[in-house]
Structures are given as structure tokens and as C-alpha cells.
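K.L.:
got a predicted model here, sequence first, then my questions.
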Amino acid sequence: MAKRNLQLLLVSGSIDQVAFATSATVPGGMKEGSSRPNLERHPSFIVFAISSLIALAFSVTSTVSFLSILTSRYHQKDFRRDLPRKLLWALTSLFISLAAMLNMMVC
């Protein structure tokens, strides 16, 4: 369980890096003499910006969730209730961030 969780943590960390890099850059560049993006009025730019923000938020959430699973205590009641709930939340966040990244790269 810990080995699989560590692998998922590495995947989530790499998604964090890509999501942060895409949310920190502006596609199309900036206008000369202004601090506004060139593609500010295009609908695809707005979809890109929102998808990038969603991907970043959910990938950081999944990374924190996987870290909390790794550092949690291992008692019998944890395996019954807490651990599956944390794992489900972390995997759901990871898949949402992957879907947002896919949407971001397509637009």
C-alpha cells in the first residue's frame, strides 16, 4: 500500500509541476507597453486559464492527500474507515486534475 501510494504521490507531484508552469505563463505573450495578454478576448484563453487553475488546485489537493496517507497512523479502524476515504479523495482529485490538464492542452 505504501509503495503504491508513493508512486501516486510522484505522479501527482509531476502534475503539480506542469500545472504550476502552465498557470504561471501567459500563452500568446503580453501586449507591448501594457500588462494585458494578447489573447485576452479569446474564449479559448479563458478556458485555458480556468482549466489551468482547476488543474493546479486539484493536483495540490491530491499531493497533500497522498502525503497525509503516507504519514497517517496504521490502526485497524483506520483501514476500515479513514484510509479508504482519504485514498478515494486523493484519487478523485488526481483524476480531476488530469481531466483539467487535458482540457487545458486541447483548447
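P.N.:
Perfect, thanks for sending it. This structure is a prediction, so every number in the text was calculated from the model and none was measured.
K.L.:
now do the helix or strand of the chain with the lowest mean pLDDT: distance to the chain's middle.
P.N.:
Every helix and strand of the chain was ranked by mean pLDDT, DSSP states H and E. The lowest is helix 76-77, at a mean of 72. In this view, helix 76-77 has its centroid 30 Å away from the chain centroid, taken as Cα atoms, centre = their mean, to the nearest Å.
K.L.:
Phe58: what's it in contact with?
P.N.:
Going by Cβ atoms under 8 Å, 6 or more residues apart in numbering, Phe58 touches Ser93, Leu94, Ile96, Ser97, Ala100. C-beta: built from backbone N, CA, C; applies to glycine.
K.L.:
where is the longest helix in this protein?
P.N.:
Ordering each helix of the chain by length in residues (DSSP state H) puts helix 43-70 first.
K.L.:
flag every buried residue along that helix.
P.N.:
Neighbour-count burial for helix 43-70 flags 45, 48-49, 51-52, 54-63, 65-66, 69 (criterion: 16 or more other Cβ atoms under 10 Å).
K.L.:
state the mean pLDDT of it.
P.N.:
Regarding helix 43-70, the rounded mean pLDDT is 90.
K.L.:
sticking with the residue in the chain sticking out farthest from the centre, tell me its helix or strand.
P.N.:
Each residue of the chain has a distance to the centre, and by Cα atoms, centre = their mean the biggest one is for Gly33: 33.2 Å. Gly33 belongs to no helix or strand when elements are defined using DSSP states H and E.
K.L.:
look at it and report its pLDDT.
P.N.:
Listed pLDDT for Gly33 reads 80.
K.L.:
tell me who's in contact with the residue most central in space within the chain.
P.N.:
Nearest to the geometric centre of the chain sits Ser59, at 2.0 Å (Cα atoms, centre = their mean). Shown in contact with Ser59 (Cβ under 8 Å, 6+ apart): Ser12, Ile15, Asp16, Ala19, Ser93, Leu94, Ser97.
K.L.:
neighbours of the closest residue to it other than its chain neighbours, how many?
P.N.:
Leaving aside its sequence neighbours, Ser59 sits nearest to Ser97 (Cβ to Cβ, 6 or more residues apart in numbering; 3.9 Å). Counted with other Cβ atoms under 10 Å, residues neighbouring Ser97 total 25.
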